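K.L.:
pasting the sequence and the predicted coordinates here, then a few questions.
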Amino acid sequence: MINKRIIYLIIFLFTICQFPEPSFAQTSNRSAIESLSIGLGDENSAADARYIIFTFDAGNKRSKASYLYDWESGDCRYERQTENAEDVVILFNVNEAGGDVFINKKPTTDESLLKRVRQSFQDDSYFLFMPIRIAKQEINAAELEPEIVDSKKFHVLQIRTPDSKYKSSKIYIDFQNGTIYKWDTYNADDKVSHELIVSRTKDVGGGLTLPTQFTDNLTGSSFEYPIAAALLNIEPQKFKKP
């Protein structure tokens with residue numbers, strides 16, 4: 001006669017085999033960058049976002065500028081209107097030196113303005129473009145040990161960007177859905193300059209979902225991208241003529 005304990009063990013093992021592995025066991029095997037890519041949309045969303053137009057609001061009173069960027073060529077078009085109602089257009093390539101400055105559609109030489117705008121692009125696009133750059137592996141991102149924040153587990157990525165005013169960052173990515181929850185920035189002395197919580201995400205087009213509003217826990221201020229859209233086609237002269 002078969003021992004009752006053996007029968008119970010067989011029944012227990014058979015019962016366990018009927019249930020699939022829980023979802024957290026599957027997500028735990030993903031790297032931080034894989035999870036981030038999922039959070040941005042389908043696998044082609046970031047790759048297909050060639051043109052992006054955006055505005056950035058850091059809570060200051062300066063006139064808001066718009067940027068149109070070609071991810072493939074590195075061409076950028078900057079537009080804004082001054083307090084004197086002058087239309088400023090600056091055309092440049094982020095991968096090359098120089099650029100063309102136009103005021104009221106007339107070419108002008110203003111190297112200091114061109115330099116400021118090139119730097120502004122790097123700083124203003126930082127929070128919008130960085131997730132895409134990480135997903136495309138255009139920037140080195142070090143995966144740190146996961147952390148628990150507000151009782152949830154997060155991947156943590158660290159990036160260093162010495163050419164930006166945000167010298168480095170730590171980005172907290174939800175283990176389950178790959179969305180960005182928290183984003184800490186550090187200055188040149190490795191002190192926290194912003195402790196940002198993502199307060200809004202947006203499908204900017206083509207299934208690409210990006211964080212577009214952040215609230216700073218340190219100051220209560222917010223960073224926002226009022227306009228953020230991925231475009232499939234742009235007239236080529238946008239990057240050549242004012």
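P.N.:
Arrived safely.
K.L.:
Ile171 pairs with what?
P.N.:
Leu157, Trp183 (DSSP bridges).
K.L.:
for it, give me its contacts.
P.N.:
By C-beta atoms under 8 Å, 6 or more residues apart in numbering, Ile171 lies in contact with Leu36, Met130, Pro131, Ile134, Val156, Leu157, Gln158, Ile159, Ile180, Lys182, Trp183. Just so you know, the C-beta spots here come from the backbone N, C-alpha and C atoms, and that holds for glycine as well.
K.L.:
quick check: it vs Leu218, distance?
P.N.:
Distance, Ile171 to Leu218, by C-beta to C-beta, to the nearest Å: 17 Å.
K.L.:
which SS state does the residue sitting nearest the centre point of the chain fall under?
P.N.:
Nearest to the centroid of the C-alpha atoms of the chain, with distances taken as C-alpha atoms, centre = their mean, sits Pro131, at 3.2 Å. Under DSSP: H, G, I helix; E, B strand; the rest coil, Pro131 falls in the helix class.
K.L.:
surely it touches Gly41?
P.N.:
No. Checked against C-beta atoms under 8 Å, the pair Pro131 and Gly41 is beyond contact range at 10.7 Å.
K.L.:
right, and the helix or strand after the worst-scoring helix or strand of the chain on mean pLDDT?
P.N.:
Of the helices and strands making up the chain, the lowest-confidence element is helix 23-27, at a mean of 37, by mean pLDDT, DSSP states H and E. Per DSSP states H and E, helix 23-27 leads on to helix 32-40 as the next helix or strand towards the C-terminus.
K.L.:
please enumerate the helices of the protein.
P.N.:
4-17, 23-27, 32-40, 45-48, 111-124, 126-135 (DSSP state H).
K.L.:
looking at the ones you listed, which has the lowest confidence?
P.N.:
With a mean of 37, helix 23-27 has the lowest mean pLDDT of these.
K.L.:
do you know the pLDDT at Pro146?
P.N.:
Value for Pro146, per-residue pLDDT: 96.
K.L.:
residue contacts, the closest residue in space to Lys136 that isn't next to it in sequence?
P.N.:
If the residues on either side of it in the chain are set aside, Lys136 comes closest to Ala46, at 5.9 Å by C-beta to C-beta, 6 or more residues apart in numbering. Taking C-beta under 8 Å, 6+ apart, we find Ala46 in contact with Ser37, Leu40, Ile132, Ala135, Lys136, Leu208.
K.L.:
what about Ala46, distance to Leu40?
P.N.:
Ala46 is 5 Å from Leu40, by C-beta to C-beta.
K.L.:
likewise Ile90?
P.N.:
With distances taken as C-beta to C-beta, Ile90 is found 29 Å from Leu40.
K.L.:
for this protein, longest strand please?
P.N.:
Ranked by residue count and defined by DSSP state E, the top strand of the chain is strand 192-205.
K.L.:
pairing partners for that strand, with directions?
P.N.:
strand 180-186 (antiparallel), strand 208-216 (antiparallel).
K.L.:
okay, those in JSON lines with mean pLDDT and distance to Ala97 next?
P.N.:
Shown next, in JSON lines, are the strands paired with strand 192-205 (pLDDT from 0 to 100; distance: least, C-beta to C-beta, whole Å):
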{"stretch": "strand 180-186", "mean pLDDT": "97", "distance to Ala97": "27"}
{"stretch": "strand 208-216", "mean pLDDT": "96", "distance to Ala97": "29"}
